[in-house]
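> could you work out the structure for the sequence below:
(2 chains)
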Amino acid sequence: MSAPTTQPGGETRPLAFVSAQALRERMHAAVNDPHLRTSFRGAMDFLMAKRAAQFPDESELTSLRELSEGIRQYSLSKLPDLLEQLETNLTRNGVHVHWAETPDEANAIMLGIARRHAAKLIVKGKSMVSEEIEFNHAMEAAGIGALESDMGEYIVQLAGEKPSHIIMPAIHQTKQQIARLFADHIPGVDYTDNVDALIQIGRRVLREKFEEAEIGLSGVNFAVAESGTLCLVENEGNGRMCTTVPKVHIAVTGIEKVVEKLEHVAPLFSILTRSATGQAVSTYFNMISGPRKPDEKDGPEEVHLVLLDNGRSQAYADEQLRKTLQCIRCGACMNHCPVYTRIGGHAYGTTYPGPIGKIVSPHMMGLEQTHLLPTVSTLCGACGEVCPVKIPIPELLIRLRGEAQSKPHALPAMVGQGAGYDRLTTFVWRMWARVYGRPGSYRAFSWLASRFRMFAPSQQAGWTAARTPLTPAPRRLRDMVRNRR
Amino acid sequence: MSSPTTGAGQPARSYPPRPAAVYFYATCLVDLFVPEAGMDAITLLEREGIRVIFPDNQTCCGQPAFTSGFPAEAREVAASQLDLFAEDYPIVVPSGSCAGMIRWHWEKIFADDPVRAARAAAIAERTFEFAEFLVHVLDFRPRDAGAPTTVALHTSCSARREMGTLLVGRELLARLGNVKLAIHDHESECCGFGGSFSLKHPDISTAMVSDKVASLKATGASQVVTADCGCMLNITKRAAKEDQDAGRAAPSLPGEHLATFLLRRTGGQASGEQR
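The predicted structure is shown next:
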């Protein structure tokens, strides 16, 4: 698949199979796009500085990260129990709970709800899970409109694109491009690249839609099992509108988002906003614990929660891979990633780009489509260093490289295991181990390499594309050491 | 034991007293491609009165296979290295990433082999990155004999995040009276080497190393100093290619391993040419 096929102003076509070659082509195009390079570098520098300003005290950061990691690991350790408890308490609060194993199941559930209410328009708050399941496409295929109300998502939707960042979906768009989009797609709007004016235009359009929509859709940042509360973090207030104005509210989220107690939310919320956008707190923090009660004047009449698996239980089943599910979707890993900074979010071709995308997408899409992704990293460790819940991302990348390279196994830990296996690479590493694993062989090999250094090729694949060749030294260190003594 | 690659920050480490002897674990890259860096490190250690043992059976720490997703091959190579360090001397490694491999990953790759895992753990405890060893074990106080100069320091990601040796590199340069350190733009960012990454994804690797070279050059520093030969080869050979393409005869960004730089600055005879 390449960047999803788009029609101007239309809906994004669904993701098809992602080949390794297509990924290579997209990355090549992205890294050679000077506009993209400059804009992402600037944006990521800005976000890194904002985050750094939130954590002036290293030891406070260290202890908050440890606490947050601890909470996420504790929650995951009790995940099945917590999910049951969540369902019980939400049901008691009057929320309908649905379970979906696949994106298709999740969409079918939500389509069923929409049809029951004869909905024509669903207005959406920001939800990466809805991107993951291509909710908009599924609804439009059934003749139901799905309108993004988060400003960044709205821009991306107008452009017929997908988000290029999980927190700032339209970060790849310049204000001039946005001005053009608005002028071209919103009736009666003239070109203006005044940011305030653009926001006012978007707001005006969306306000009407909140009234019109029968259903509001949102994601969930934290689902509290003990009280049956859905917590939603946002900045624009559109999340609150989506969850209170339409008469039906559907929340959709991954099964990993559950925590046991309300008190577990506070540290996670704090580290989330500080890591993500460098805000001490977000402008809005919504806590949803059920539909409108008989004596209440507003709120939805019906609330649903759709809990999605989509490969998460595969990650859950393995002690090491389970750490993937600690993620609270702050995006700090992409902001700090030197690869993401250079290729932007679309090149990855996955819903979740950047370091987190490389470790979570293989579970969602299988390794057949994603086996190259974990190799697109220098393992520099910047992602792991900033991760607020201490996911050892480099370690997981190495693990996934191994899963991709291993021979297909009868009882695979992952769908698509061995998809990156090729005989030549495996043979080369076997030979390497033969030589380097036997000191005598290594001595002979390195003596030959040094002795016949003049035969070192002058073209060394990717290396010499940008560098002068690597040539063995005339004398190895061991020769220098021996000659001196 | 958890690896600080996870971002745990650097756990405080206790350092041994000044030893009579050390093992020098040169790494495969130094042995074959940058032997002068290894030789200069050995010379420096000996000048400090330390006996340096070079185990002749040393090959590689296994890192290339480990990070490429071939743990069995990494294990085979690492297993061949477990016998090299019979005495209880510290092991000094002139590379942050190889030191990090031994210190944090050897034990893990032997997870299903408790005997080797225990030996690997014991080796990990006494493995030190070269600059770390100079500062924390030897308290190396060089007398700078060189002319005033400004240099840039590139710290490898492994040294920075696995071995926590960003500060020791700076500390060593600060102890040289006539050397000024120029901090380059995006100093903490990776140079784009990443081992096989540079071969597998040359476009992105090139973009990263070009940016790194540009920001190093922008400091006006006379050279770059680094304690990791992988980064050094990546950066200096990229700069050399730029020189070649521009028809420049003199290198615009020469580079040296920290050991060579320290040796030259303190009146020692470096064993090779500057790169």
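
> so residue A:336 makes contact with residue A:386?
Yes - judged on CB atoms under 8 Å, residue A:336 makes contact with residue A:386 at a distance of 4.9 Å. (Each C-beta comes from the backbone N, C-alpha and C, glycine too.)

> which stretches of chain B have low pLDDT?
Counting by pLDDT under 70, chain B shows low-confidence ranges at B:1-11, B:273-275.

> got the residues of the stretch 201-350 of chain A near chain B?
The interface of the stretch 201-350 of chain A toward chain B, taken as CB under 8 Å from any CB of the partner chain, is made up of A:338-339, A:342-343.

> which one of these is nearest to residue B:14?
Comparing those against residue B:14 with CB to CB places residue A:338 closest, at 33.2 Å.

> show me how chain B divides into domains.
B:20-136, B:141-265 (automatic domain parsing).

> touching, residue A:240 and residue A:282? I think so.
No - if you go by CB under 8 Å, residue A:240 and residue A:282 don't touch, sitting 11.5 Å apart.

> overlap in contacts, these two.
Taking CB atoms under 8 Å, 6 or more residues apart in numbering or on different chains as the criterion, residue A:240 and residue A:282 both touch residue A:234.

> mind listing the strands for the stretch 1-150 of chain A?
Counting by DSSP state E, counting those that start in this stretch, the stretch 1-150 of chain A has strands at residues A:95-100, A:121-124, A:145-148.

> which helices and strands sit right next to the second one?
Spelled out, that is strand A:121-124. The helices and strands touching strand A:121-124, judged by 3 or more CB pairs under 8 Å, 6 or more residues apart in numbering or on different chains; DSSP states H and E, are helix A:135-141, strand A:145-148, helix A:195-212, strand A:215-218, helix A:238-244.

> each with direction, which strands does that strand pair with?
Strand A:121-124 sits in its sheet next to strand A:145-148 (parallel), strand A:215-218 (parallel), going by DSSP bridges.

> helices of the stretch 151-275 of chain B, residue ranges please.
In the stretch 151-275 of chain B, the helices defined using DSSP state H, counting those that start in this stretch lie at B:157-161, B:166-174, B:197-200, B:202-218, B:229-246, B:258-265.

> among the helices and strands packed on strand A:121-124, which is nearest residue B:269?
Closest approach to residue B:269 among the helices and strands packed on strand A:121-124 (CB to CB): helix A:195-212, 62.4 Å.

> any chance you could list what contacts that closest one?
Here helix A:195-212 makes contact (CB under 8 Å, 6+ apart) with A:121, A:123, A:147, A:149, A:151, A:154-155, A:175, A:178-179, A:182, A:186, A:189, A:192, A:216, A:238, A:241-242, A:245-246.

> run the last query once more with 10 Å
Residues outside helix A:195-212 that contact it (CB atoms under 10 Å, 6 or more residues apart in numbering or on different chains): A:120-124, A:145, A:147-151, A:154-155, A:158, A:175, A:178-179, A:181-183, A:185-190, A:192, A:194, A:216, A:236-238, A:241-242, A:244-246.

> how does chain A divide into domains?
Split by automatic domain parsing, chain A gives A:71-313, A:423-484.

> tabulate the ones you listed (a markdown table), appending mean neighbour count and distance to residue B:119.
Shown next, in a markdown table, are the domains of chain A (neighbours: other CB atoms under 10 Å in any protein chain shown; distance: least, CB to CB, whole Å):
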| stretch | mean neighbour count | distance to residue B:119 |
| --- | --- | --- |
| domain A:71-313 | 19 | 30 |
| domain A:423-484 | 16 | 16 |
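
> any chance of these in JSON lines with mean pLDDT and distance to residue B:214 as columns?
Formatted as JSON lines, these follow (pLDDT from 0 to 100; distance: least, CB to CB, whole Å):
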{"stretch": "domain A:71-313", "mean pLDDT": "97", "distance to residue B:214": "23"}
{"stretch": "domain A:423-484", "mean pLDDT": "94", "distance to residue B:214": "13"}
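
> got TSV for those, with distance to residue B:201 too?
As requested, the domains of chain A are arranged in TSV below (distance: least, CB to CB, whole Å):
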stretch	distance to residue B:201
domain A:71-313	19
domain A:423-484	7
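
> residue A:175 is in contact with residue A:194, isn't it?
Yes - because the distance of 8.5 Å satisfies CB atoms under 10 Å, residue A:175 is recorded as touching residue A:194.

> just the helices in the stretch 1-150 of chain A please.
For the stretch 1-150 of chain A, applying DSSP H, counting those that start in this stretch gives helices covering A:20-31, A:34-54, A:58-77, A:79-92, A:103-116, A:128-132, A:135-141.

> how about the stretch 351-485 of chain A?
For the stretch 351-485 of chain A, applying DSSP H, counting those that start in this stretch gives helices covering A:354-365, A:367-370, A:382-386, A:393-405, A:423-436, A:439-451, A:477-484.

> export those to JSON lines and append columns for distance to residue B:162.
Listed next are the helices of the stretch 351-485 of chain A as JSON lines, based on distance: least, CB to CB, whole Å:
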{"stretch": "helix A:354-365", "distance to residue B:162": "17"}
{"stretch": "helix A:367-370", "distance to residue B:162": "26"}
{"stretch": "helix A:382-386", "distance to residue B:162": "10"}
{"stretch": "helix A:393-405", "distance to residue B:162": "9"}
{"stretch": "helix A:423-436", "distance to residue B:162": "21"}
{"stretch": "helix A:439-451", "distance to residue B:162": "25"}
{"stretch": "helix A:477-484", "distance to residue B:162": "23"}
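
> among these, which is nearest residue A:325?
Nearest of the helices of the stretch 351-485 of chain A to residue A:325, taken as CB to CB: helix A:354-365 at 8.4 Å.

> how near is residue B:245 to chain A?
Distance, residue B:245 to chain A, by CB to the nearest CB, to the nearest Å: 10 Å.

> check contacts around that residue.
residue A:466.

> any idea how many residues pack against the residue lying closest to residue B:272 once chain neighbours are set aside?
The spatial neighbour of residue B:272 that comes closest, neighbours along the chain excluded (CB to CB, 6 or more residues apart in numbering or on different chains), is residue B:36 at 2.9 Å. Using other CB atoms under 10 Å in any protein chain shown, residue B:36 has 23 neighbouring residues.

> repeat for residue B:82
Each residue near residue B:82 was counted by other CB under 10 Å, and the total is 15.

> so it is in contact with residue B:106, correct?
Yes - using CB under 10 Å, residue B:82 is in contact with residue B:106, at 8.3 Å.

> quick check: neighbours shared by the two?
B:116, B:119-120, B:123.

> so which of those residues is the most crowded?
When neighbours are taken as other CB under 10 Å, the top entry among those is residue B:120 (23 neighbours).

> and that residue, which of the three is it?
Secondary structure, DSSP: H, G, I helix; E, B strand; the rest coil: residue B:120 is helix.

> ramachandran angles for the closest residue to it other than its chain neighbours?
Nearest non-adjacent residue to residue B:120, counting by CB to CB, 6+ apart: residue B:106, 3.9 Å away. Note on residue B:106: its backbone torsions stand at phi -60, psi -50 [degrees, to the nearest 10].

> go ahead and confirm residue B:106 touches residue B:121.
Yes - Residue B:106 is in contact with residue B:121 according to CB under 10 Å; the separation is 7.9 Å.

> of these two, who's got more company?
Per other CB under 10 Å, whichever of residue B:106 and residue B:121 has more neighbours is residue B:106, with 27 against 15.

> residues in contact with that one?
Residues in contact with residue B:106 (CB under 10 Å, 6+ apart) are B:61-63, B:66, B:74-75, B:78-79, B:81-82, B:116-117, B:119-121, B:123-124, B:127.

> recalculate using a threshold of 8 Å.
B:61-62, B:78, B:120-121, B:123-124.

> and which of those residues is nearest to chain A?
Closest approach to chain A among those (CB to the nearest CB): residue B:62, at 7.7 Å.
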